[in-house]
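> build me a structure from this.
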Amino acid sequence: MNQERIFTVLIAPHVSEKSALNAEYNNQYVFKVAIDANKPEIKQAVESVFDVKVLKVQTSVAKGKVKQFGRMTGRRKNWKKAYVTLAEGSTIEMMSGE
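The predicted structure is shown next:
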């Protein structure tokens with residue numbers, strides 16, 4: 001995988017109460033990723049960007065909400081979320097709050 005693709009796979013960390021608890025207790029971090037990204041690409045991107053060892057990647061697709069704008073009905077885009085489990089002793093500092 002080329003360097004350009006690595007930086008387009010990971011979009012942003014997904015910060016929520018659930019993801020903070022997963023990071024603290026399970027050493028599992030949550031990222032918003034490209035909708036066409038697969039698990040090996042996500043694993044390679046996290047390992048190269050954060051210099052950590054990834055054990056497992058789980059993905060889910062969040063369906064976009066239906067919203068109304070006045071009389072018009074629209075729909076937000078679907079997006080993909082990746083739960084990345086790191087090896088024992090590995091952490092991602094920017095998300096740990098330290």
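
> which SSE is Ile6 in?
helix 3-9 (DSSP states H and E).

> mind listing what's buried in that helix?
For helix 3-9, burial by neighbour count (16 or more other C-beta atoms under 10 Å) applies to 6, 9. C-beta: built from backbone N, CA, C; applies to glycine.

> what does it rub up against?
33-34, 37, 41-42, 44-45, 48-49 (C-beta atoms under 8 Å, 6 or more residues apart in numbering).

> now the buried members of those.
33-34, 37, 41-42, 45.

> may I ask which helix or strand of the chain has the lowest mean pLDDT?
helix 93-96 (a mean of 59; mean pLDDT, DSSP states H and E).

> okay, now Gly64: neighbour count?
Neighbours of Gly64 under the rule other C-beta atoms under 10 Å: 12.

> give me the nearest residue to it, chain neighbours excluded.
In space, and not counting its chain neighbours, Gly64 is closest to Arg76: 3.6 Å by C-beta to C-beta, 6 or more residues apart in numbering.

> pull the residues that contact the helix or strand hosting Lys81.
Using DSSP H and E, Lys81 maps to strand 79-86. Applying C-beta under 8 Å, 6+ apart, the contact partners of strand 79-86 are 14, 22, 26-35, 37, 39, 42-43, 46, 52-62, 64, 92.

> Produce a PyMOL select command limited to the buried residues of those.
Here is the PyMOL command that selects the buried residues among the contacts of strand 79-86 (16+ other C-beta under 10 Å):
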select buried, resi 14+22+27+28+29+30+31+32+33+34+37+42+43+46+52+54+57+92
